[in-house]
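Visitor: the following comprises the amino acid sequence and a computationally predicted model.
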Amino acid sequence: MSSSVLFDAPGPRGRRRQAVGNVVGALVVVALLAWVAFVLYDKGQFSAALWGPALDARAWQFYYIPGLVNTLRAAAFATVGAVVFGLVFGMGRLSHLRPVRWVSSVVVEFFRAVPVLLMMVFFNALFGFFFEGLVAEPAFAAVVVALVLYNGSVIAELVRSGVNNLPKGQGEAGLSIGLTQGQTLRSVQLPQALIAMLPALVSQLVVVLKDSALGQLIAYAELLRSAQVLQAGSGNPLQTLFVAAVLFIALNWVLSGVAHLLARRLSSRTSGTTDEGPGIGPGPVAGIGPGPVAGAGIGQT
């Protein structure tokens, strides 16, 4: 009997084949890792002379910790700005006023389409050359503004899809008690949508943290840039970048765990569907107005 509308459940022979494939795949991965470790050992990459400078107190005091602080600082400012940007333009895309809806759609779709690195390079040049002296840290400002514009556009789609994912009765109930369309959106639909989209918002922090590493290309002293500076003086790029990677993975793992926990705990507190990942797909044509979003982070409408 079929257990899914997408595929039939495998029978005993299929399950045996899957088990054998899993074992073979695991053995291949283990063999590949063992080969990589052997090559690194043969090249002397496990020597204390290389790992010592990457793990000593000086490396943490002057490179890893300051870089981590700069990464978290940029992520914190970008997160606050992106949430504000997303709420404003997300509600703009839900407005019953066509000009507001059209302008919000153009802004959101534009900044979703522009690569984050391109925006960082552009704003770094803008702040460094045309606003020299007015912006104290051009690289930091460029990283934050670029992350705000891109991730704010993603959050705007989360807001729109979260509201559209609510049962239609929620909006109709607000209108039936005399609320206007705007009051219904602000007082009835948006609070529920915010609860439903909270896990996806936390997951979006993972994207913000990872994208902040692009700041090293414009000389922003975040974690990756600090690790590169350290390895340039110590001659151990593999070791220093490995430590930086572990720190990034640990931060993202914690945030992903928080998103998963929120998705489970908040699933019963809203009429919408909670989802722990953003997964924003392309939205509708600008100016058409609110409608279903394919692959939206909150769920299908």
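Guide: Alright, I've got the coordinates. Residues are numbered from 1 along each chain as shown.
Visitor: make it CA atoms for all contacts and neighbour counts henceforth
Guide: OK.
Visitor: show me the shaky parts of the stretch 201-301 of the chain.
Guide: Counting by pLDDT under 70, the ranges of the stretch 201-301 of the chain that qualify are 263, 266-301.
Visitor: give me that answer again for 50
Guide: By pLDDT under 50, the low-scoring segments of the stretch 201-301 of the chain are 271-272, 274, 276, 278-301.
Visitor: can you show me the helices along it?
Guide: Listed in chain order, the helices found in the stretch 201-301 of the chain under DSSP state H, counting those that start in this stretch are 223-234, 237-265.
Visitor: give me the neighbour count for residue 90.
Guide: Residue 90 has 29 neighbouring residues, counting by other C-alpha atoms under 10 Å.
Visitor: if you could redo that for residue 247, that was the one I meant.
Guide: The local packing count at residue 247 equals 15, with neighbours defined by other C-alpha under 10 Å.
Visitor: for residue 137, same thing?
Guide: Counted with other C-alpha under 10 Å, residue 137 comes out at 14.
Visitor: go on, residue 8?
Guide: Applying other C-alpha under 10 Å, we find 10 residues neighbouring residue 8.
Visitor: and it, how far from residue 72?
Guide: When C-alpha to C-alpha, to the nearest Å is the yardstick, residue 8 and residue 72 sit 46 Å from each other.
Visitor: if we can go back for a sec, and the helices of the stretch 201-301 of the chain as TSV, adding distance to residue 154?
Guide: Below are the helices of the stretch 201-301 of the chain laid out as TSV (distance: least, C-alpha to C-alpha, whole Å):
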stretch	distance to residue 154
helix 223-234	24
helix 237-265	17
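Visitor: for those, which one sits closest to residue 89?
Guide: Closest approach to residue 89 among those (C-alpha to C-alpha): helix 237-265, 23.4 Å.
Visitor: so what secondary structure elements neighbour that closest one?
Guide: In this structure, helix 237-265 packs against helix 48-55, helix 190-212, helix 223-234, with contacts taken as 3 or more C-alpha pairs under 8 Å, 6 or more residues apart in numbering; DSSP states H and E.
Visitor: buried set for it?
Guide: Applying a neighbour-count criterion of 16 or more other C-alpha atoms under 10 Å, one finds 237, 239-241, 243-244, 248, 251-252, 255-256, 259-260, 262-263 buried in helix 237-265.
Visitor: check stretch 66-82 too.
Guide: By neighbour count with 16+ other C-alpha under 10 Å, stretch 66-82 contains the buried residues 66-68, 70-79, 81-82.
Visitor: among these, which ones are in strands?
Guide: If you go by DSSP state E, these have nothing in strands.
Visitor: residue 147 contacts residue 116, correct?
Guide: Yes - contact between residue 147 and residue 116 holds when scored by C-alpha atoms under 8 Å: they sit 6.8 Å apart.
Visitor: joint contacts of the two?
Guide: Here residue 147 and residue 116 share the contacting residues residue 211, scored by C-alpha atoms under 8 Å, 6 or more residues apart in numbering.
Visitor: between those two, tell me which one has more neighbours.
Guide: Higher neighbour count among residue 147 and residue 116: residue 147, with 28 against 23, using other C-alpha under 10 Å.
Visitor: and the next helix or strand past the host helix or strand of residue 92?
Guide: Element membership of residue 92 [criterion: DSSP states H and E] is helix 65-93. The C-terminal neighbour of helix 65-93 among helices and strands, as given by DSSP H and E, is helix 98-113.
Visitor: elements contacting that following helix?
Guide: helix 65-93, helix 138-164.
Visitor: that older thread, show me what the helix holding residue 92 is packed up against.
Guide: Contacts of helix 65-93 with other secondary structure elements, assessed using 3+ C-alpha pairs under 8 Å, 6+ apart, are made with helix 98-113, helix 138-164, helix 190-212, helix 223-234.
Visitor: the inter-axis angle of it versus helix 223-234?
Guide: 160 degrees (axes from the mean of the first three to the mean of the last three C-alpha atoms, to 10 degrees).
Visitor: name the single longest helix found in this protein.
Guide: Counting by DSSP state H, the longest helix found in the chain is helix 12-42.
Visitor: can you check what pLDDT the model gives residue 195?
Guide: At residue 195, the predicted lDDT confidence score is 73.
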